[in-house]
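Asker: based on what follows, work out the 3D shape:
(one chain, ligands or ions: 1)
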Amino acid sequence: MYGPIFLVVSILGAFHETTAASQHINKDLSNQYNARFHVYEEPYSIDFTYHNYDQMSRFLRTTSLRFQNLTALYSIGKSVKGRDLWVMVVSSSPYEHMIGKPDVKYVANIHGNEAVGRELMLHLIHFLVTNYGSDPYITWLLDNTRIHILPSMNPDGFEVSKEGYCEGGQGRYNARGFDLNRNFPDYFKQNNKKSQPETEAVKEWVSKIQFVLSGSLHGGALVASYPFDNTPNSLFQSYTSAPSISPDDDVFQHLSLIYSRNHGSMYQGLPCSPSQPGFKNGITNGAQWYPLTGGMQDFNYVWNGCMEITLELSCCKYPPASDLQFYWDENRVALIKFLAEAHRGIRGFVIDENGNPIERASIKVKSRDVSFLTTKYGEFWRILLPGMYKLEVYANGYLPRDVEFRVVEQHPTYINVTLYRASRHPGEDEAGSNFYNGNRDHVNRDHVIHFRPHSGANAASEANNGIFSSLSNGFNSFVSNWFG
Ligand SMILES: [Zn+2]
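Answerer: The predicted structure follows:
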């Protein structure tokens with residue numbers, strides 16, 4: 001459903017000073033005046049304690065009032081129990097997308113009892129706004145990136161979770177008992193789980209903003225896990241642990257290593273307990289660890305061209321608050337360095353011969369068959385490691401175009417691609433590339449399936465129920481298109 005999802009919180013800007021007010025200050029106005037400036041007099045700080053929904057909301061509001069030029073607070077929707085799903089943008093342009101510059105995000109507390117990420121997000125917000133202008137790296141990051149932080153995707157689950165509970169499922173699910181990280185559309189398998197309001201809010205959010213890079217924060221292990229989470233052959237999941245390799249496997253491994261190497265201990269890959277696995281260099285392919293259907297990271301990647309990885313940040317899901325300082329120290333550098341990776345690879349604009357932006361042009365890097373779309377400004381981004389690549393660009397009514405380019409280590413490669421209108425001979429105007437057929441007839445980005453090697457492949461697997469049909473459909477299209 002389409003709706004105005006970005007409700008910028010304006011209640012804090014509701015106090016006005018007038019000359020008249022200063023002459024006739026009644027008690028209420030005086031209190032309001034004091035309340036407004038009180039926030040500037042109090043030290044701006046964040047404790048190493050857990051913040052329930054009300055405390056978290058208060059911190060976010062205080063931050064948005066105190067740092068009006070660096071932050072914006074909006075809600076992407078409400079939980080089952082009516083709690084706002086707050087997102088705080090931290091950037092030198094908090095209210096407006098910076099044309100040509102990437103938007104990135106963190107989503108924490110999707111499992112309500114995995115509490116460390118939620119608190120780390122509040123500390124990250126505090127750290128970013130208090131270091132802007134003094135720390136050159138943070139200043140550069142916020143001048144060139146819009147960072148969207150959703151500290152809790154499952155605020156209802158958190159409220160019924162218990163501090164000190166390292167394992168178990170109390171609070172993991174939303175208020176209707178759904179696991180939100182099994183609730184997204186899935187490329188490999190039909191997902192029959194009823195879509196939840198929290199999931200719908202995130203789906204609409206990522207359909208409105210082209211996020212380039214994302215981290216999903218969890219607990220219960222210590223590892224950076226990357227797509228794919230699901231696999232065409234998870235029928236055999238109890239017998240094998242084969243990786244489910246995505247076309248951007250090199251990039252995903254790199255992003256995961258950036259996190260694990262900048263983390264205090266993740267890179268060592270030690271198991272949380274003797275019964276749990278260790279992870280070489282602190283990273284793993286999601287399906288190789290264990291396959292799952294309906295996860296958020298595969299959805300971000302396949303549906304929206306956003307590179308998301310899953311960050312498991314603590315062996316204990318809800319450790320005592322006295323450990324929070326330790327977790328912040330372990331993760332601070334990694335959280336920041338990871339986001340900066342949005343500035344690696346290629347970026348640019350797709351324009352027509354008159355220099356106007358072309359929206360919803362389909363873009364693919366050759367041999368990486370997850371395509372993505374340009375924004376309304378014609379922008380695109382793709383995180384890539386150094387090397388030579390070929391960009392394949394297609395837009396309805398235009399001649400398709402290939403562009404070769406080089407990516408270097410030091411800075412992103414900027415490319416503007418001009419597309420020329422196709423001459424319309426009968427039968428030719430719809431000829432285009434077969435690859436991009438999946439993107440053609442859809443108006444809303446959130447319904448577009450980018451990763452669709454053959455037109456109709458996904459529809460076929462959705463139409464057939466059962467594990468065997470998805471096994472054959474998924475696997476065949478997979479192999480023939482990545483390697484064929
Ligand atoms: Zn989790």
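
Asker: what are the boundaries of the strands in the stretch 201-350 of the chain?
Answerer: Using DSSP state E, counting those that start in this stretch, the strands assigned to the stretch 201-350 of the chain run over residues 211-218, 221-226, 283-285, 307-314, 346-352.

Asker: before we move on, what about the stretch 351-484 of the chain?
Answerer: For the stretch 351-484 of the chain, applying DSSP E, counting those that start in this stretch gives strands covering 362-365, 368-373, 379-382, 387-394, 401-407, 413-419.

Asker: tabulate the strands of the stretch 201-350 of the chain (CSV), appending distance to residue 250 and mean neighbour count.
Answerer: Placement of C-beta: from N, CA and C, glycine included. Converted to CSV, those look like this (distance: least, CB to CB, whole Å; neighbours: other CB atoms under 10 Å):
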stretch, distance to residue 250, mean neighbour count
strand 211-218, 15, 25
strand 221-226, 11, 26
strand 283-285, 12, 24
strand 307-314, 12, 26
strand 346-352, 15, 21
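
Asker: looking at those strands, which is nearest to the ion?
Answerer: Comparison of those against the ion by CB to the ion identifies strand 211-218 as nearest, at 3.4 Å.

Asker: ok, now which ones touch the closest residue to residue 189 other than its chain neighbours?
Answerer: Closest residue to residue 189 apart from its sequence neighbours, by CB to CB, 6 or more residues apart in numbering: residue 293 at 4.6 Å. By CB atoms under 8 Å, 6 or more residues apart in numbering, the contact set of residue 293 is 182, 186, 188, 189, 191, 230, 234.

Asker: of those, closest to the ion?
Answerer: When these are ranked by distance to the ion (CB to the ion), residue 182 comes first, at 10.4 Å.

Asker: any idea how far the nearest residue to the closest one once chain neighbours are set aside is from the ion?
Answerer: Of all residues not flanking residue 182 in the chain, residue 294 sits nearest, at 4.0 Å (CB to CB, 6+ apart). The gap separating residue 294 from the ion is 13 Å, by CB to the ion, to the nearest Å.

Asker: so residue 294 touches residue 188, yeah?
Answerer: No. Distance between residue 294 and residue 188: 10.1 Å, which falls outside the contact criterion (CB atoms under 8 Å).

Asker: wait, doesn't residue 317 sit right on residue 164?
Answerer: No. The criterion here is CB under 8 Å, and residue 317 misses it with residue 164 at 10.0 Å.

Asker: and those two? which has more neighbours close in?
Answerer: Taking other CB atoms under 10 Å, residue 317 and residue 164 do not tie; residue 317 has more neighbours (26 against 9).

Asker: state the pLDDT value of the more buried one.
Answerer: In this prediction, residue 317 carries a pLDDT score of 98.

Asker: which ones are touching it?
Answerer: 111, 113, 114, 115, 116, 165, 166, 167, 168, 219, 220.
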